[in-house]
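Student: how would this look folded up:
(one chain, ligands or ions: 2)
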Amino acid sequence: MSNRRIGVMGGTFDPVHHGHLVAASEVQARFGLDEVVFVPTGQPWQKSERQVSPAEDRYLMTVVATASNPGFSVSRVDIDREGPTYTVDTLTDLSAAHPGADLFFITGADALEQILSWRRADRVFDLAHFIGVTRPGYELDDTHLPPGAVSLVEVPAMAISSTDVRTRTAAGLPVWYLVPDGVVQYISKRRLYSVPD
Ligand SMILES: Nc1ncnc2c1ncn2[C@@H]1O[C@H](COP(=O)(O)OP(=O)(O)OP(=O)(O)O)[C@@H](O)[C@H]1O
Ligand SMILES: O=C(O)c1ccc[n+]([C@@H]2O[C@H](COP(=O)([O-])O)[C@@H](O)[C@H]2O)c1
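Tutor: Ligands and ions are numbered 1, 2, ... in the order given. Sure thing, here's the model as predicted:
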């Protein structure tokens, strides 16, 4: 029997939006992944220049956004671990939770650019195969990364960012159709993003 193939979509998800969901769905289909696990960050140390929403809100929005897809799930490994979130820990914990599985870590072109600044960047490529996906406004390039460690995939272009969703919400502009309906309602219910970043 072949190993289970598990996609890992890590992100701050403040909030999760259709750019994240389309990227995960496209990679799942192209790579024949049995499941994609969304992993909201605990403390995203490279986003410390701004106040990130509480982890439980980001986790619940991710659950709401993915609940209808039987091939998607959400993991608490990063939000339940103390301290800054490092992908080397995420992948170590998920490997332990899914013994024998092959892991595929999905990142947008902007995150791929930064990978060499991550903690234990040398080790992360031993734990998972990386899949870099296109994102409007960023060049997808893996020439700085170890040969064979990364696959590049073009996904349907979604010019959406969490920053834009937060800015629009603070300005009283609609975010319908940028994020799933349940996430629009969750933002409103919890009064998230009512003041600019
Ligand atoms: N529109 C998009 N298309 C493709 N990939 C995306 C898109 N938005 C985010 N990603 C990728 O999803 C992962 C998680 O992103 P993150 O949660 O930081 O969202 P973001 O929109 O970049 O947030 P922010 O605007 O707050 O920086 C990263 O790998 C990022 O590159
Ligand atoms: O391991 C690190 O040092 C590291 C530094 C920055 C980002 N990451 C991971 O990259 C993913 C996308 O992060 P972000 O900040 O763009 O939402 C998420 O899973 C983060 O945990 C990881």
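Student: pretty sure Ser73 contacts Asp34?
Tutor: No. At 10.7 Å, Ser73 does not count as touching Asp34 under the criterion of C-beta atoms under 8 Å. C-beta coordinates here come from the backbone N, C-alpha and C atoms, glycine included.
Student: Please determine how far the closest residue in space to Val165 that isn't next to it in sequence is located from Ala97.
Tutor: Leaving aside its sequence neighbours, Val165 sits nearest to Val175 (C-beta to C-beta, 6 or more residues apart in numbering; 5.1 Å). Separation of Val175 from Ala97 (C-beta to C-beta, to the nearest Å): 33 Å.
Student: These two - which one has more neighbours?
Tutor: Val175 (20 against 12; other C-beta atoms under 10 Å).
Student: helix, strand or coil for the closest residue to ligand 2 within the chain?
Tutor: With C-beta to the nearest ligand atom as the measure, Gly10 is the residue of the chain nearest to ligand 2, at 2.0 Å. For Gly10, the reduced secondary structure class is strand; criterion used: DSSP: H, G, I helix; E, B strand; the rest coil.
Student: who touches it in this structure?
Tutor: Gly10 makes contacts with Val39, Thr41, Asp78, Thr87, Thr90, Phe105, Ile106, Thr107, as judged by C-beta atoms under 8 Å, 6 or more residues apart in numbering.
Student: Out of those, which sit inside strands?
Tutor: Secondary structure of these is defined by DSSP state E; positions in strands are Val39, Phe105, Ile106, Thr107.
Student: just checking: which of these also lie near ligand 2?
Tutor: Val39 (C-beta under 6 Å from any ligand atom).
Student: in stretch 94-101, what's buried?
Tutor: Residues Leu94, Ser95, His98 are the ones in stretch 94-101 that count as buried (16 or more other C-beta atoms under 10 Å).
Student: Not counting it itself, show me its contacts.
Tutor: By C-beta under 8 Å, 6+ apart, the list of residues contacting stretch 94-101 reads Asn3, Arg4, Arg5, Ile6, Val8, Val37, Val39, Ser75, Val77, Leu103, Leu127.
Student: The third one against Leu33, yeah?
Tutor: Yes. In this structure, Arg5 sits in contact with Leu33. The criterion is C-beta under 8 Å, and the distance is 4.8 Å.
Student: tell me, what's touching those two both at once?
Tutor: By C-beta under 8 Å, 6+ apart, the residues touching both Arg5 and Leu33 are Phe104.
Student: between those two, which one's more packed in?
Tutor: Set side by side, Arg5 and Leu33 give different neighbour counts by other C-beta under 10 Å, the larger being at Leu33 (22 against 17).
Student: quick one: the more buried one is in a strand?
Tutor: No. Applying three-state DSSP, one finds Leu33 to be coil, outside a strand.
Student: Excluding chain neighbours, what is closest to it?
Tutor: Gly7 (4.3 Å).
Student: Between the two ends of stretch 66-86, how far is it?
Tutor: Separation of the first and last residues of stretch 66-86 by C-alpha to C-alpha, to the nearest Å is 23 Å.
Student: who touches it?
Tutor: For stretch 66-86, with C-beta under 8 Å, 6+ apart as the criterion, the contacting residues are 10, 16, 21, 24-25, 28, 33-45, 55-56, 58-59, 62-63, 89-90, 93-94, 97, 118-120, 182.
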